[in-house]
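[1] Need a 3D model of the following:
(2 chains)
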Amino acid sequence: MKKKEHSLVRVFFRTFSLLLLFTIILINYRSSIQPYSFFSIANAMTHIEPRHFNSIGLVKDLAYFVGILTLIHIFWAFVIIVSFQAIKNSNRSELNNDLFWLILVLLHLTLVVSLNSHYFPTSLTSYFRATILSSPSSIALQSLVLLTLFIIGLKRSKHKTVVSITTIALTSLCLYPLISKNTDEFFYNDKPNIIIIGIDGLRPDHLNYDSAQSDYAPFINALLSESQNYINSYSPQGRTYVAWMSILTGLYPKNNGARFNLAPPELINKKLPLVEKLKSRGYHTAYAMDERRFNQIDKAYGFDSEVGPMIGAADAFISSFSDLPYINLMLKHPYSKYLFPYLYNNRAYGKTYNPKAFNDEVIESLNTKKPNFLAVHFCQLHWPYTSIDFIEHTPEEWEGNYSHFMYKSMLKKVDDQLRTFFEQMKNKGFLKNSIVYLISDHGEGFKLKQSKRFTTPINGPDTQSWGHGTNVLDQQQAKVVLAKLRYRDDKVINKPIKIDGLYSLIDILPSLDDELNLDLIVKFDGIILPDLTLVKPSNRHIFVESSLPLKSINASFVDEKKVVSETASSYEVRPSGRAVMKPEEYKNLLSRKQRSIYQGDFQLAMLPDKNMITLLNFDSNELSIIAADIEPKSDKVKALLLKLCNFYKTDYGFDSENRCNDISDKSDEDNHG
Amino acid sequence: MIKIKSKIKLESALLIAFILLIISAHVKAMLDTRATVSSIKTDNPSGSSLAERYLVLGDWPASRQNHLAEFVTEFEINKRVKEDKK
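    Predicted structure coming up:
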């Protein structure tokens, strides 16, 4: 008997080793077909490099991931050992028993790769894609054989009772979230739900209300045709975290402290008066986002619940390493949010991202017995444009511009996700009495010919750049969607209208404050959004600033080495495991920002990287450079420069050329829009 | 006795053949995939076609409904767009 037990232990370790070997083979195989492997572009985008491994938080997160991987192999080996009892025969030769064991292991590996190939065709380890092995009938047959062997093995097991009870308990536990359904409906109808829906990078000119020729986003277009649509709106900065902080505070980045996506958290006031006030009025507050690399907002900002992947520097490493069949398959299960918190519902790990699963979790996070404040941000439109299914074959849309083509393809996917999300909200009763804002946090620059609008002087700055937040002169980076819908009994009750004028994302909070009589004790930078179109647009001015003007990111293809060499020294990984900008670098980076002001048909911009002040005229579509050595002649330039100087004068490194001294009138004037 | 031994040997041979069959299915699929990669790969590190760029970024550029070859020949990345990065 002892010999038998010894033999089983030996087979277990042999199985475990073989499974590990298979994982190593897969990792090497993947590396052989992927030009950029472990330290991928994603790492570069999140500014992580090997020296950051001295962060205890990062090491803990990576150790947890490795621990879970090891446990999966142990559990898998255990399942194979149990199944082996079904085919093991003591009368058979030892060699043949070993050969049967090997076949069993290989069948397990084949099934896992087949399933991965079927469900995740864009995975690099789905090498059975488009073969008979990944067909549903083949998978069903393989599963049936292995399940039968496992059940027979259970019956023949020496510790039959213990193993059976454990198996039944585990199976029930795993099946529970798949078969249970929360049927609670929202019944609270006194105070309205407040729902702010953000779509990352959504450009107005790709929508019908602006100038889109094709119907890339039928649902969003239909929604906007019913809304109060502020057609000339801008993001204070074309970066997700900064834009959301501006929405949630009603303040410009300069006044709320959030100047960069990964700004040091100690420099930012995380108390959000809106969230605190709504909670005191009985609201349940939730923040949801399906990509957390560039947005730090979580429960620490006062929200009752948060949805989305874990925030941390380990995200980039884990998601670039994780393309393994069993991890991908496990991510289909809701419990994987505990096993793989960096991967579950993470749009950045696009090959397994399930938009419906994210929607489900957001809906689940809402309270059915209280009014809700939900801020949710959908990121499928953000680089790197990966998804669980590859895009449609539409050569007629191809113009040779990879990023723009993928953007248009992903726009259809995010549109579909939003349609499902609204259906889910409706079915659960969350649209019975709701105020909904639909926004984008920024646009996206693709250097499109059709977007080229301005004539510029020789040696003038580029008015088009790649990405977002990289160039204040690129109008498609900062111009955003800003629309409001009022729902009653699942129907839109507001009058659909296009509202002219100049608006900013900072206007949402003052508008909510006014509409809900919140009495927030904050001096907002934003204004209350009007309900009706203005006969004569006001003479309002708004500010828009850039993030980091990085040359390496300002390209059609992001070169990881260049990004690392340009940015890495500016970031550190804290003991919490989060990547943040070094406080000592913060000031230096602040001084390199581009800053601009819009008013009427003009945008005046101060570009420290070019040592230039420029004026864009939207009426004549001309860009002019305001010479450095002469006092601005035009009253318009003078007025705009004065406002810009007054607003940013306390910023470190602002106006290193002393252009503000050119202005005779140095009176401090109100810069609040 | 000889008959039993032959039976065991035959069983071993069949089992080995089956093992080889499964392994070869994996190896062939892997090699086919690598051959496909070679056929779309160019010397441009950022990729010359939609399929190659997608692969460079870490995902496989085709699914059951789509043929990868179409995303190579019909979707060449415009030279001018590529040069923007320089």
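
[2] near chain A, anything from stretch B:6-14?
    Yes. Stretch B:6-14 reaches chain A (CB under 8 Å from any CB of the partner chain) through B:8, B:11-12. Every residue, glycine included, has its C-beta placed from N, CA and C.

[3] Quick one: residues contacting residue A:103.
    B:15, B:18-19, B:22 (CB atoms under 8 Å, 6 or more residues apart in numbering or on different chains).

[4] where's it, which helix or strand?
    Assigned by DSSP states H and E, residue A:103 falls within helix A:94-119.

[5] Name the residues of that helix that are buried.
    A:96-97, A:99-119 (16 or more other CB atoms under 10 Å in any protein chain shown).

[6] Against which helices or strands is the helix or strand that that helix is followed by packed?
    Using DSSP H and E, the helix or strand that follows helix A:94-119 in sequence is helix A:136-156. Here helix A:136-156 touches helix A:56-87, helix A:94-119, helix A:160-179, going by 3 or more CB pairs under 8 Å, 6 or more residues apart in numbering or on different chains; DSSP states H and E.

[7] Distance from the chain centre to helix A:136-156, please.
    From the chain centre to the centre of helix A:136-156 is a distance of 39 Å (CA atoms, centre = their mean, to the nearest Å).

[8] the inter-axis angle of that helix versus helix A:160-179?
    150 degrees (axes from the mean of the first three to the mean of the last three CA atoms, to 10 degrees).

[9] Alpha carbons of helix A:136-156, as CSV, please.
    Extracted in CSV, the C-alpha atoms of helix A:136-156 (Å, rounded to 0.1, in the frame of the first residue of the first chain):
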residue,chain,number,x,y,z
PRO,A,136,-17.3,22.9,-30.9
SER,A,137,-17.9,19.2,-31.7
SER,A,138,-14.2,18.3,-31.2
ILE,A,139,-14.1,20.3,-27.9
ALA,A,140,-17.3,18.5,-26.8
LEU,A,141,-15.9,15.1,-27.5
GLN,A,142,-12.6,15.9,-25.8
SER,A,143,-14.4,17.3,-22.8
LEU,A,144,-16.7,14.3,-22.6
VAL,A,145,-13.8,11.8,-22.6
LEU,A,146,-11.8,13.7,-19.9
LEU,A,147,-14.9,14.3,-17.7
THR,A,148,-15.8,10.6,-17.9
LEU,A,149,-12.3,9.6,-17.0
PHE,A,150,-12.4,12.0,-14.1
ILE,A,151,-15.7,10.7,-12.7
ILE,A,152,-14.5,7.1,-13.1
GLY,A,153,-11.3,8.1,-11.4
LEU,A,154,-13.2,9.6,-8.5
LYS,A,155,-15.1,6.4,-8.0
ARG,A,156,-11.9,4.4,-8.0
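
[10] what comes into contact with it?
    Residues outside helix A:136-156 that contact it (CB under 8 Å, 6+ apart) are A:79, A:82-87, A:104, A:107-108, A:110-111, A:114-115, A:118, A:132-133, A:160, A:163-164, A:167.

[11] among the residues you listed, which are within reach of chain B?
    Applying CB under 8 Å from any CB to the contacts of helix A:136-156, those adjacent to chain B are A:107, A:110, A:133.

[12] Name the nearest residue to the last one, sequence neighbours excluded.
    Taking CB to CB, 6 or more residues apart in numbering or on different chains as the measure, residue A:133 lies nearest to residue A:114, with 4.7 Å between them; neighbours along the chain are not counted.

[13] Distance check, the one you found against residue A:127.
    10 Å (CB to CB, to the nearest Å).

[14] In chain B, what residue lies closest to chain A?
    residue B:78 (2.5 Å; CB to the nearest CB).

[15] Go ahead and confirm that residue touches residue A:404.
    No. If you go by CB atoms under 8 Å, residue B:78 and residue A:404 don't touch, sitting 10.3 Å apart.

[16] more neighbours, these two?
    A direct count of neighbours by other CB atoms under 10 Å in any protein chain shown for residue B:78 and residue A:404 places residue A:404 higher, at 21 against 14.

[17] who's in contact with the more buried one?
    Residue A:404 neighbours (CB under 8 Å, 6+ apart): A:446, A:448.

[18] and the helix or strand where it lies, which residues are buried?
    If you go by DSSP H and E, residue A:404 is part of helix A:402-427. Buried residues in helix A:402-427, counted by 16+ other CB under 10 Å: A:402-419, A:421-422, A:425.

[19] Likewise for stretch A:599-614?
    Of the residues in stretch A:599-614, those buried (16+ other CB under 10 Å) are A:599-600, A:602-608, A:610, A:612-614.

[20] Just want the angle from the helix or strand that the helix holding residue A:404 is followed by to helix A:402-427.
    Once the chain leaves helix A:402-427, the next helix or strand it forms, by DSSP H and E, is strand A:433-440. Interaxial angle, strand A:433-440 versus helix A:402-427 (the same axes, to 10 degrees): 180 degrees.

[21] how far does the helix or strand that strand A:433-440 is followed by sit from the chain's center?
    Using DSSP H and E, the helix or strand that follows strand A:433-440 towards the C-terminus is strand A:445-446. Centre-to-centre, strand A:445-446 and its host chain are 18 Å apart (CA atoms, centre = their mean).

[22] Repeat that for stretch A:608-628.
    33 Å.

[23] For the residue nearest to the spatial centre of chain B, give its distance to residue B:39.
    Geometric centre of chain B, nearest residue: residue B:33, 0.8 Å, by CA atoms, centre = their mean. From residue B:33 over to residue B:39 the distance is 11 Å, taken as CB to CB.

[24] ok, now residue A:113?
    For residue A:113, the distance to residue B:39 - CB to CB - is 22 Å.

[25] angle of the biggest helix by length in chain B against helix A:94-119?
    Determined from DSSP state H, the single longest helix within chain B is helix B:2-40. Interaxial angle, helix B:2-40 versus helix A:94-119 (the same axes, to 10 degrees): 30 degrees.

[26] hmm, who's touching the helix or strand that helix B:2-40 is followed by?
    Next in sequence after helix B:2-40, counting helices and strands by DSSP H and E, comes helix B:50-56. By CB under 8 Å, 6+ apart, the residues outside helix B:50-56 that reach it are A:33-36, A:386, A:390, A:398, A:402, A:405-406, A:557, B:37, B:40-42, B:44-47, B:60-62, B:68, B:71-72, B:75, B:77.

[27] how does it look with 6 Å?
    A:35, A:402, B:40, B:47, B:61, B:68, B:71-72, B:75 (CB atoms under 6 Å, 6 or more residues apart in numbering or on different chains).
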